[in-house]
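**Q** I need the structure of the sequence given here:
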Amino acid sequence: MDDHISGTHYRSVAGIVKSIRLENFMCHSHLQIELGDSVNFITGQNGSGKSAILTALCVAFGCRAKGTQRASTLKDFIKTGCSYAVVHVEIKNQGEDAFKPEIYGDVIIIERRISESTSSTVLKDRQGKRVASKKEELRELVEHLNIDVDNPCVIMSQDKSREFLHSGNDKDKFKFFFRATLLQQVNELLENIDQHLKSANGIICELEASIRPKEMELLELQEKIKSMQHIEEITQQVQQLKKKLAWSWVYDVDKQLQEQSAKIGKLKDRVPTCQDKINHQTHLVEELRAHFTKKKTQIACMMEKTSELRRMKDELQQTLASATKEKIELEEEHKRRSNYIEKMVNRVRFLEQQVRDIHELHVKNTQAEESVIEERVKELQHEFDAADSMLARLKEEESALSESINQGMAEIKRIAEEIENYDKKNREISSTIRELNQHQSNKVTAFGGDKVIQLLRALERHHKKFKKPPIGPIGAHVSLVNGDMWAPAVEQAIGRLLNAFIVTDHKDSLLLRQCAREAYYSNLQIIIYDFSRPRLNIPRHMLPQTQHPTTLSLVHSENHTVLNVLVDMGNAERQVLVKDYDAGKAVAFDQRISNVKEVYTLDGYKMFSRASVQTILPPIKNFRPRRLCSSIDDQIENLQRDASNAREEAQLGRRSKRSAEEKLQSLQGKLNSVKRRRVNAERDVMIKTLELKDVENSYTAEVASVSSESTVNELRQDISKVQVEIREKEVLLEKFGVRMNEAEAKASDLKASFENLCESAKGDMDAFEEAERDLTEIEEELHSAEATKVHYEGVMKNKVLPDIKGAEEQYEELKRLREDSFKKASIICPESEFGDWDGSTPEQLSAQVTRLERRIQQESHRCTEPIEDLRMLYEKRQRKILRKQQRNKAFREKLDACQKALETRRKKFQRNATLIKRQLTWLFNNHLSKKGISGRIEVSYEKGTLSVEVKMPQDASSGTVRDTRGLSGGERSFSTLCFTLALHDMTEAPFRAMDEFDVFMDAVSRKISLDTLVDFALAQGSQWIFITPHDISMVKQDERIKKQQMAAPRS
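**A** Purely as a prediction, here's the structure:
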């Protein structure tokens, strides 16, 4: 290749290509070409590899293979038969626009190596020392020196020349203009920015929307904190009430002591009064006894004197009583016989009246055929009796069937209920067996299920974070001492603590709560206790003084902290366990055993006493104590046996139910049949009854007329008999009258004799009776006085003195209770902190504490987490939300600023596009005017078209040519060249290259175009590279113009 340079360098500018070296690139095995700083012409035959130089420049400055329009991949540029290709480009780096001259110096070497699998780009300094190998450095270099190889005004390849310069399509020209002026790049950047901003706006909206649920959660958390603060206030109130309650027990005992002291004083005041009454009654008894003895002696003397009179009086009085009784009996007999005679007379009259009635009836009636009617009556009566008997039998049968059906339905209902109960029992037992099987495989699951397993795994993962490993669940560390007998009572007593975990401080509590949330174990009970505390030694006098066991005496644990927690948190040492209900009542209420807090029975009862209130809680329904039992196999075996029995009973019940239903269906059919037969029988009975009544009515009338004569004779005989009896009774009545008169006379005589005797003995008897009455009164007074004396002595012995003794013992007990209450209250808080007592009783304060604790428990169920955790969580979430809000606000502000900047740039883009359009027309017309041609360029950004209008000087009279295809070849080539030069005037680049720009020109047009291009290039001042296969001898000679000839291609 000829390598000569005409003239010297005109000037050096940063970005000018100094040399190009190709190795195994396209058709070149090795090519070295030096370029001038101004205008360079490279000529050669077709196939000599001229276009490969521009392709190498594009590849060196980072263009992709498809962008060169010569290959689809970079490896296609490797010469056939070679394994690699190298493009070596040296550019000058001088002047004010030099790129990092302190690093690269005045020359930058760009070397791109291509292999079958990879490609790499290296930037070197003047000495060939490697400086950078990243694409970002090459991109920074290209942008700094404004080398845009994709711009057709910088490098115009053969394809771009055919596409833009020699095309008459307005859209292709617009594309050329739009790309050359970099408007397309700017527009694409703006569109890309707009898409990014829209995407960013969507992301910000999503971020803003994602905060709203968090804000709602924050509000809910704030409500929880307010609720927990209220709980804290109530808790403080409870603590104050407990202090008040402790000292109220002391003051209440003081009050009771005062009342008891006053009571003892009143009781002691009763002793002298009672003793005075006893002494008075003793003196009165002695006086009455003396008087009674004196009166008794007097009556003995009077009794001897009046005893004979009393005997005579008694005998006479007895005789008089007998006579009087006989008289009364005779009078009653006489009266009875008189009444009987009167009745007989009335009967005679009645019989005579019947005789007269029969005679009258006989006259009126006639005889009839009695035998036929009588037979008919008998026949109907027989039929009626048979029908009535059938009806009664059917009614009894129907009633029996109805009763049997009701019993059958009740039996079916009962069997169905039993089947349901057995099925329910079977399901419950099966569920219990599954739980026990799970507990048998892992005892820990009995105290929290699968959740506690997940929690233990979480604790194992985070065990290094704890100050001391948590202990739990408590139930897994506890066993029973004396077998499983007391398991129900023990589990009921401390069952609420068996699922709990123990930690050593609050920090470990928070960490354990976090592990519980990780294991989805809510409502975990956490107890904070000092692990270093030794085993508690409880004095004997602080334990319940009873033979029954306590919860603490029946449980065993290798960990003393677990036992300490059961004592301090569960009061296990004060929980007494008994076998039955009666023993529990005796221990809890009757025996008044000290240090007993609660009593539990094997059958599930809980008993306790608070002050004067005694409480008995019934067993918990469906409570199955099994967690502490060691013999799980026995339990499972028993439960399986119970389940099998329940299934068998249910199966038997189903068979019985089917049998009962079949029997009921049979009875129902029989009942329907009996009902139909009963209805028919009732209808027959009704018919027979009516027929029988009709026949009987006619028969009665005829029988009466036939039997009248015989009846009259019978009545007359009765009358005669009664009259004879009346006469006999009247004779006997006269005799009774005589005897009655005699008895009356005898009674009168005896009465007169008795009255005479009484009159004669009246004085002595009155005196004796008076003495007897006095003696009786004295005796009664004596008995009354003795009884009163015994009463007062009993009151003194059994009431007054025991009451005083009991009151004094109760006073001493109250004093001891006061000392104990004072010690306990002093432990809780000093008396100086308590203040004044408002008179509230312990029961009232205890009720207030219970009510507030129940309220705290209800409120605590809503939020189980500590308030410190909630506050920390609230502050953490608030800070997080605030950061997100500030971040989103900053994003929104930046986005708005970007939107405003984008709008500003769009306006500038539109203004610049308009200016560029005007500038292009002005420059185009300026280049045309050099040849005396005028024209203009119409650019439509909306339609994407660019049209060229040219007006030739010889065609002044004609219209403007709007389509360059209407021009001659030379005119069209010149106008296209002017359009290209106008674009070059608007484009800045350190070098420009054009390949085969003149292939469609004739010699004259080529001459004009070359001269115009050379003049423009020399005037413009940047480096130009022209590649053409034609002769360039007509190009004028100048020291700034360098011509090079490529070697002919080898055949």
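**Q** Tell me the buried residues in stretch 24-37?
**A** Asn24, Phe25, Met26, His28, Leu31, Ile33, Glu34, Leu35, Gly36, Asp37 (16 or more other C-beta atoms under 10 Å). Heads up, the C-betas are built off the backbone N, CA and C, glycines and all.
**Q** Show me the contact partners of whichever strand or helix holds Val122.
**A** Element membership for Val122, per DSSP states H and E: strand 119-124. By C-beta atoms under 8 Å, 6 or more residues apart in numbering, the residues outside strand 119-124 that reach it are 60, 62, 74, 104, 108-113, 130-133, 135, 137-138, 141.
**Q** likewise stretch 577-597?
**A** 486, 489-490, 493, 542-546, 548-551, 554, 571, 574-576, 599-603, 605, 607-609, 614, 616.
**Q** Ok, stretch 63-79 next?
**A** 24-29, 51, 55, 58-59, 84-85, 114-117, 119, 149-150, 157, 159.
**Q** now stretch 201-209
**A** Stretch 201-209 is contacted from outside by Lys884, Arg887, Asn888, Phe891, Arg892, Leu895, using C-beta under 8 Å, 6+ apart.
**Q** Which of the helices and strands in this structure ranks last by mean pLDDT?
**A** helix 831-834 (a mean of 64; mean pLDDT, DSSP states H and E).
**Q** ok, then the element right after that helix?
**A** helix 842-862.
**Q** Could I get the average pLDDT for that next one?
**A** Across helix 842-862, the average pLDDT comes to 73.
**Q** Could you check how many residues crowd around Pro830?
**A** Neighbour count of Pro830, defined by other C-beta atoms under 10 Å: 11.
**Q** next one: Ala1047
**A** Neighbours around Ala1047, by other C-beta under 10 Å: 12.
**Q** and Thr987, what are its phi and psi?
**A** phi -120, psi 140 (degrees, to the nearest 10).
**Q** Thr504: neighbour count?
**A** 19.
**Q** Show the backbone phi and psi for it.
**A** Torsion angles, degrees, to the nearest 10, at Thr504: phi -90, psi -20.
**Q** pretty sure it is in contact with Ile528, am I right?
**A** Yes - counting by C-beta atoms under 8 Å, Thr504 does reach Ile528; the two are 7.4 Å apart.
**Q** quick one: contacts for the residue lying closest to Lys50 once chain neighbours are set aside?
**A** Using C-beta to C-beta, 6 or more residues apart in numbering and skipping residues adjacent in sequence, the residue nearest Lys50 is Ile1027, 4.7 Å away. Contacts of Ile1027 were listed using C-beta under 8 Å, 6+ apart, and they are Phe41, Ile42, Thr43, Lys50, Ser51, Ile53, Leu54, Ala993, Met994, Asp995, Glu996.
**Q** and what of Lys295?
**A** Ala771, Asp774, Leu775, Ile778.
**Q** just the buried members of the contacts of strand 119-124?
**A** 60, 62, 74, 104, 108-112, 132, 137-138, 141.
**Q** So, low pLDDT: which residues of the stretch 751-900 of the chain?
**A** Residues of the stretch 751-900 of the chain meeting the criterion pLDDT under 70: 754, 757-765, 768-769, 831-839, 856, 858-865, 867.
**Q** For PyMOL, what selects the buried ones among the contacts of stretch 577-597?
**A** Command for PyMOL that selects the buried part of the contacts of stretch 577-597, burial taken from 16+ other C-beta under 10 Å:
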select buried, resi 486+489+490+493+543+544+546+548+549+550+551+554+571+574+575+576+599+600+601+602+605+607+608+609+616
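**Q** Just the contacts of stretch 577-597: which are in strands?
**A** Gln575, Val576, Val599, Tyr600, Thr601, Met607, Phe608, Ser609, Gln614, Ile616 (DSSP state E).
**Q** Find me the pLDDT at the fourth one, would you?
**A** Confidence at Tyr600, expressed as pLDDT, is 90.
**Q** how far away is it from Ile616?
**A** 11 Å (C-beta to C-beta, to the nearest Å).
**Q** can you list residues touching both of these two?
**A** Lys606, Met607.
**Q** longest helix anywhere in this structure?
**A** Counting by DSSP state H, the longest helix found in the chain is helix 183-364.
**Q** Show the subsequent helix or strand relative to that one.
**A** Helix 183-364 is succeeded, C-terminally, by helix 370-441 (DSSP H and E).
**Q** which other helices and strands contact that following helix?
**A** Packed against helix 370-441 by the contact rule (3 or more C-beta pairs under 8 Å, 6 or more residues apart in numbering; DSSP states H and E) you find helix 632-706.
**Q** Now find how far off-centre the helix it packs on is within its chain.
**A** 54 Å (C-alpha atoms, centre = their mean, to the nearest Å).
**Q** relative orientation of whichever strand or helix holds Leu923 and helix 183-364 in degrees?
**A** Using DSSP H and E, Leu923 sits in helix 867-929. Per axes from the mean of the first three to the mean of the last three C-alpha atoms, to 10 degrees, the angle that helix 867-929 makes with helix 183-364 is 130 degrees.
**Q** Quick check: next helix or strand after helix 867-929?
**A** With DSSP H and E, the next secondary element past helix 867-929 is strand 934-940.
**Q** Who does that following strand pair with, and is each partner parallel or antiparallel?
**A** Each strand that pairs with strand 934-940, with its direction, by DSSP bridges: strand 945-951 (antiparallel).
**Q** Report the angle between the following helix or strand past the partner strand and strand 934-940.
**A** Next along the chain after strand 945-951, taking DSSP H and E as the criterion, comes helix 969-985. Interaxial angle, helix 969-985 versus strand 934-940 (the same axes, to 10 degrees): 60 degrees.
**Q** Which neighbouring elements make contact with helix 969-985?
**A** Using 3+ C-beta pairs under 8 Å, 6+ apart, helix 969-985 sits against helix 170-180, helix 867-929, strand 934-940, strand 945-951, helix 1003-1020.
**Q** 10 Å instead, please
**A** Here helix 969-985 touches helix 170-180, helix 867-929, strand 934-940, strand 945-951, strand 991-995, helix 1003-1020, going by 3 or more C-beta pairs under 10 Å, 6 or more residues apart in numbering; DSSP states H and E.
**Q** ok, back up a step: can you tell me which of the contacts of Ile1027 has the most neighbours?
**A** Neighbour max across the contacts of Ile1027 (other C-beta under 10 Å) = Met994, 26 neighbours.
**Q** Is Leu31 in a helix, a strand, or coil?
**A** Reduced to three states with DSSP: H, G, I helix; E, B strand; the rest coil, the structure at Leu31 is strand.
**Q** The nearest residue to it once chain neighbours are set aside bridge partners, please.
**A** Take Leu31 and drop its neighbours on the chain: the residue closest to it by C-beta to C-beta, 6+ apart is Leu22, 4.2 Å away. Note on Leu22: beta-bridge partners by DSSP bridges are Leu31, Val87.
**Q** what number of residues lie near Leu22?
**A** 27.
**Q** just checking, what packs against the helix or strand containing Lys18?
**A** Here Lys18, judged by DSSP H and E, is contained in strand 17-25. Counting contacts by 3+ C-beta pairs under 10 Å, 6+ apart, strand 17-25 is packed against strand 28-34, helix 51-60, strand 84-92, strand 107-115, strand 1023-1028.
**Q** what's the angle between the very next helix or strand once past the last one and strand 1023-1028?
**A** Toward the C-terminal end, the helix or strand that comes next after strand 1023-1028 (DSSP H and E) is strand 1041-1045. Our comparison of strand 1041-1045 with strand 1023-1028, counting by the same axes, to 10 degrees, yields an angle of 40 degrees.
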